[in-house]
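A.B. asks: Fold the following and give me the result.
(one chain, ligands or ions: 1)
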Amino acid sequence: MLKNTFSAILIIGLVMVGSSAIMAKGDDISNKVEDLISRMTLEEKVGQLQQYSTRWEMTGPVPDGKVAQEMHKNIKDGLAGSMLNIAGAEATRKAQEMAVNNSRLGIPMIFGYDVVHGYKTIFPIPLAAAASWDVEAVKTSARVAAKEAAADGLHWTFAPMVDISRDARWGRVMEGAGEDPYLGSVMAKAQVEGFQGGDLTDETTIAACAKHFAAYGFVEGGRDYNIADIGESTLRNVVLPPCKACSDAGVATFMNSFNEVDGIPATGNAHLLRDILKGEWGFDGFVVSDWASIDEMRFHGVAANKSEAALLAITAGSDMDMEGHCYFPNLIGMVEKGEVDEALIDDAVRRILTIKFRLGLFDDPYRYCNQNVEEVFLSAEHLEKARDVARKSIVLLKNENQLLPLSKENKKIAVIGDLADDKDTPLGNWRGRGGRNMAVSLLEGLQNAVENKSLVTFEQGPVFAENLPQFGTLVQINETDRTGLTEAVEAAKDADVVVLALGENCFQSGEARSQSEIGLKGLQQELLEAVCAVNKNVVVVLMNGRPMAISWMAEHVSAIVESWHLGSEAGNAIADVLFGDYNPSGKLPMSFPRTVGQCPIYYNHKNTGRPAENEEDYMFTTRYVDEKVSPLFSFGYGLSYTTFDYSGLELSNRDITKGDTLKVAVNLKNTGEMDGTEVVQLYIRDLVGSVTRPVKELKNFKKVFLKSGETKKIEFELTVEDLTFYSKKGVWEAEPGEFHLWVGTNSSEGLQSQFYLK
Ligand code: NOJ
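C.D. replies: Now for the predicted structure:
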């Protein structure tokens, strides 16, 4: 048996800090929780820490199988705290009745589900929504998702995913807000506020779960579930800020990550969970493991059996065991033998019960199972919101000779590509309970927008991919069958303009979908080149869940519209942009590499001792001999149908000291012919620090609408707090010295100035 390696005194001290934080809330919830705990048996307490995935239709018979039988019995005996993957007012009511009506204390279960970017009405994947740089839009997505999920009996979503990701090979980049800690923090907070509202007892809100804690986005080589080997500086300065933003926003729960961090699996990582999350940040909600991540510590090689894994996890601060089957029943015997302090169990139970009370489940365990879903699901209001967020998420990457926007009249538009009439791919991965083929396709969107439908023709071209709905199956990509290629080229020849849909099937990105190549797959490149050979006016509409390596495309086609996986209203939203009914304003939340070999690539990198100032630089600098160091499209990049001019950058002071606020102002003029929205971005660089500092860091942004010809003065305030970082001393502080500052349209362009912190 593995010995408890942490000092008992330290643990008890931390447990008391945690519990006193809850007590200090001053509400009567803590009294009710303490009263309940005092009446619970050890077995009932450990049962609260167990979360089961549903294994049968709650309305049907219990199937054979040890775990299913055990789950059924335990729910009835009051020995199951939670279920995931159960959904539907009827099913959740049945399960809840089983727990509440049969068990000794009638403690309700909490039902969780991956409601990531919508439930029935599907919004853009989170990476796309982050490209909107629109806090209200992101909050709205989460708000609507919460309403629909709550109406279907759910209490809790496993979102937002706040992993900073710099490597497009990682399949899960689609679930997060990209590479930047500041943008990531803003988007994380917006989602927590959207899901939870101001009040968890409101029947239209659900508890959120910030995941994954922590550093999952740093898996080596972008390979899912791999190790993350980062030091404290990267952990604190890059990985943790969005997690902290969630904690500050009052997120109810956190989820562990599968990876190890510097040799210690996150699930058994006391530094992350006890020192930082529950200690420094005073987080008083609970931590759920990721799926079986407690048990997986056996495979990481830090626990010899389930009991050792349970001891590591509970000691580190993981409160609920998602499908690891380690806590129950092992912790019972371990407490009885004196191997685990019961105070650790009490702390975990206290946290879980507190959230159940905050959700109002003790007042009415069925409070989420009473709503009329017909009025809520896919309502006209929700679809309109989905369309609005979708068009805000689109990024215009190229628009040579102003090919876009397209005219709705007198032009023959050939819509080409298997993805163009795909009604499933736009829903993306992790689409809640969004049914298959429920999206408005690109083709439908274009046809909806024009009066004369005969102007919009369609050729599928070669089949791109077969979309297999079964869980755990890989997308089958067609590499050989060229049927349809000739017809597609003929259609392109005959058209005034080609709208060519290329990119990724919805299940090419997401969990377990890491890729070693991130260019066009199958016969897409061949189709692209064949179409470009016969028509100069090619607009590529990209659909994808990650940045892609598209250098050839960027050089040879006239226009590229990044549409990601935009959700239920994808086709209508893309048509809004292609025809100019909406002027695009999205900006990339992740750099697009020129080739996969540049990954990980991100704008806020370190300078190194041998910086490469430009692409043709001296060879003994940090560069590749066969490729540029810069990305194809950088973080923050995105075009509009109008143009913006920046001038007159002014700082209120050259020198600032603690307590000062630096005022930054710039004039922004819409110099084009269309009204439009620009995302004005403010970056800084701290030139010399006690630890190395990034060459640029986003510190603020503003989304500004300007009429054609209009000029506005855009103002920012920068405080010394904004200059702080986790320093060599191991504290958050701003260090005196010179700072550079840029205000501009993306991370690689902008007006520059400087100031000094005295
Ligand atoms: C595993 C994923 O990593 C996590 O994000 C998700 O919430 C759980 N499975 C539950 O589905």
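A.B. asks: okay, CA-based contacts and neighbour counts for the rest of this
C.D. replies: Noted.
A.B. asks: got the residues of the stretch 251-400 of the chain near the ligand?
C.D. replies: 290-291 (Cα under 6 Å from any ligand atom).
A.B. asks: Pull the contacting residues for R431.
C.D. replies: Residues in contact with R431 (Cα atoms under 8 Å, 6 or more residues apart in numbering) are 115-120, 122.
A.B. asks: ok, of the residues you listed, which come out buried?
C.D. replies: Buried subset of the contacts of R431 (neighbour count, 16 or more other Cα atoms under 10 Å): 115-120, 122.
A.B. asks: biggest separation within those, which pair?
C.D. replies: V116 and K120 (11.1 Å; Cα to Cα).
A.B. asks: Can you tell me, leaving aside adjacent residues, what's nearest to A491?
C.D. replies: Setting aside the residues directly before and after it, A491 is nearest to A414 in space (Cα to Cα, 6 or more residues apart in numbering), at 6.2 Å.
A.B. asks: just checking, what packs against the host helix or strand of the one you found?
C.D. replies: Per DSSP states H and E, A414 falls inside strand 413-416. Helices and strands touching strand 413-416, by 3 or more Cα pairs under 8 Å, 6 or more residues apart in numbering; DSSP states H and E, are strand 456-459, helix 485-494, strand 497-503.
A.B. asks: Contact residues of this protein facing the ligand?
C.D. replies: Residues of the chain that fall close to the ligand, judged by Cα under 6 Å from any ligand atom: 114, 158, 290-291.
A.B. asks: Where do the strands of the stretch 351-500 of the chain begin and end?
C.D. replies: 395-399, 413-416, 456-459, 465-466, 476-477, 497-503 (DSSP state E, counting those that start in this stretch).
A.B. asks: ditto for the stretch 551-700 of the chain
C.D. replies: According to DSSP E, counting those that start in this stretch, the strands that the stretch 551-700 of the chain contains are 559-562, 644-651, 655-656, 661-670, 676-686, 697-706.
A.B. asks: In CSV: those, plus mean neighbour count and mean pLDDT.
C.D. replies: Formatted as CSV, the strands of the stretch 551-700 of the chain follow (neighbours: other Cα atoms under 10 Å; pLDDT from 0 to 100):
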stretch, mean neighbour count, mean pLDDT
strand 559-562, 24, 99
strand 644-651, 17, 98
strand 655-656, 16, 96
strand 661-670, 19, 98
strand 676-686, 23, 98
strand 697-706, 18, 98
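A.B. asks: Redo those as JSON lines? Include distance to E43.
C.D. replies: Converted to JSON lines, the strands of the stretch 551-700 of the chain look like this (distance: least, Cα to Cα, whole Å):
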{"stretch": "strand 559-562", "distance to E43": "53"}
{"stretch": "strand 644-651", "distance to E43": "63"}
{"stretch": "strand 655-656", "distance to E43": "59"}
{"stretch": "strand 661-670", "distance to E43": "56"}
{"stretch": "strand 676-686", "distance to E43": "54"}
{"stretch": "strand 697-706", "distance to E43": "49"}
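A.B. asks: nearest to A270, of those?
C.D. replies: Among the strands of the stretch 551-700 of the chain, strand 697-706 comes nearest to A270, with 29.7 Å by Cα to Cα.
A.B. asks: which other residues reach the closest one?
C.D. replies: Here strand 697-706 makes contact (Cα under 8 Å, 6+ apart) with 133-134, 180, 182-183, 604, 669-670, 675-685, 712, 716, 722.
A.B. asks: how many neighbours does the closest residue in space to K411 that isn't next to it in sequence have?
C.D. replies: Excluding the flanking residues, the one nearest K411 by Cα to Cα, 6+ apart is D496, at 5.8 Å. Number of residues near D496 (other Cα atoms under 10 Å) recorded here: 16.
A.B. asks: likewise the one 4 residues further on?
C.D. replies: L500 has 27 neighbouring residues, counting by other Cα under 10 Å.
A.B. asks: In this structure it contacts N535, no?
C.D. replies: No. At 11.4 Å, L500 does not count as touching N535 under the criterion of Cα atoms under 8 Å.
A.B. asks: CSV for the contacts of R431, including secondary structure, pLDDT and distance to M109?
C.D. replies: Shown next, in CSV, are the contacts of R431 (DSSP: H, G, I helix; E, B strand; the rest coil; pLDDT from 0 to 100; distance: Cα to Cα, whole Å):
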residue, secondary structure, pLDDT, distance to M109
V115, coil, 98, 18
V116, coil, 98, 21
H117, coil, 98, 24
G118, strand, 98, 23
Y119, coil, 98, 21
K120, coil, 97, 23
I122, strand, 98, 27
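A.B. asks: what's near enough to touch the residue in the stretch 451-600 of the chain that the ligand sits nearest to?
C.D. replies: Closest contact between the stretch 451-600 of the chain and the ligand, by Cα to the nearest ligand atom, is at E511 (6.8 Å). By Cα under 8 Å, 6+ apart, E511 lies in contact with 171-172, 224.
A.B. asks: do V463 as well
C.D. replies: V463 makes contact with 418, 478, 481-484 under the criterion Cα under 8 Å, 6+ apart.
A.B. asks: pLDDT weak spots in the protein?
C.D. replies: Scanning the chain for pLDDT under 70 picks out 1-27, 56-64, 468-471, 615.
A.B. asks: At the geometric centre of it, which residue sits there?
C.D. replies: Nearest to the geometric centre of the chain sits G176, at 2.1 Å (Cα atoms, centre = their mean).
A.B. asks: Spit out the contact partners of Y602.
C.D. replies: 166, 179, 590-591, 634-635.
A.B. asks: my bad, should have said V539
C.D. replies: Counting by Cα under 8 Å, 6+ apart, V539 touches 497-500, 557-561.
A.B. asks: run the last query once more with 7 Å
C.D. replies: 498-500, 557-560 (Cα atoms under 7 Å, 6 or more residues apart in numbering).
A.B. asks: How about G178?
C.D. replies: Contact partners of G178, counting by Cα under 7 Å, 6+ apart, are 127, 164-166, 184, 589-590.
A.B. asks: mind redoing it with 8 Å?
C.D. replies: The contact partners of G178, by Cα under 8 Å, 6+ apart, come to 127, 130, 163-166, 184, 589-590.
A.B. asks: and if you look at N746?
C.D. replies: 587, 634-638, 680-681 are the contacts of N746 under Cα under 8 Å, 6+ apart.
A.B. asks: would you turn those into JSON lines with distance to D576?
C.D. replies: Listed next are the contacts of N746 as JSON lines, based on distance: Cα to Cα, whole Å:
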{"residue": "K587", "distance to D576": "17"}
{"residue": "S634", "distance to D576": "25"}
{"residue": "F635", "distance to D576": "24"}
{"residue": "G636", "distance to D576": "22"}
{"residue": "Y637", "distance to D576": "20"}
{"residue": "G638", "distance to D576": "17"}
{"residue": "V680", "distance to D576": "23"}
{"residue": "Q681", "distance to D576": "25"}
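A.B. asks: Select only the buried ones of those residues in PyMOL?
C.D. replies: Command for PyMOL that selects the buried part of the contacts of N746, burial taken from 16+ other Cα under 10 Å:
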select buried, resi 587+634+635+636+637+638+680+681
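A.B. asks: how's the protein carved up into domains?
C.D. replies: As recorded under automatic domain parsing, the domains making up the chain are 29-373, 390-598, 644-757.
A.B. asks: Select, out of these, the one closest to R623.
C.D. replies: Of all the domains of the chain, the one in closest proximity to R623, counting by Cα to Cα, is domain 390-598 (9.9 Å).
A.B. asks: what distance separates that closest one from the centre of its chain?
C.D. replies: Here the centre of domain 390-598 is set off from its chain's centre by 22 Å, with Cα atoms, centre = their mean, to the nearest Å.
A.B. asks: just stretch 308-316 next, same as before
C.D. replies: 28 Å.
A.B. asks: can you check stretch 121-141 too?
C.D. replies: Remark: stretch 121-141 is offset 10 Å from the chain centroid, using Cα atoms, centre = their mean.
A.B. asks: Pretty sure G112 sits in a strand.
C.D. replies: Yes. Using DSSP: H, G, I helix; E, B strand; the rest coil, the assignment for G112 is a strand.
A.B. asks: In contact with it, which residues are there?
C.D. replies: Residues counted as contacts of G112 (Cα under 8 Å, 6+ apart) are 82-86, 154-158.
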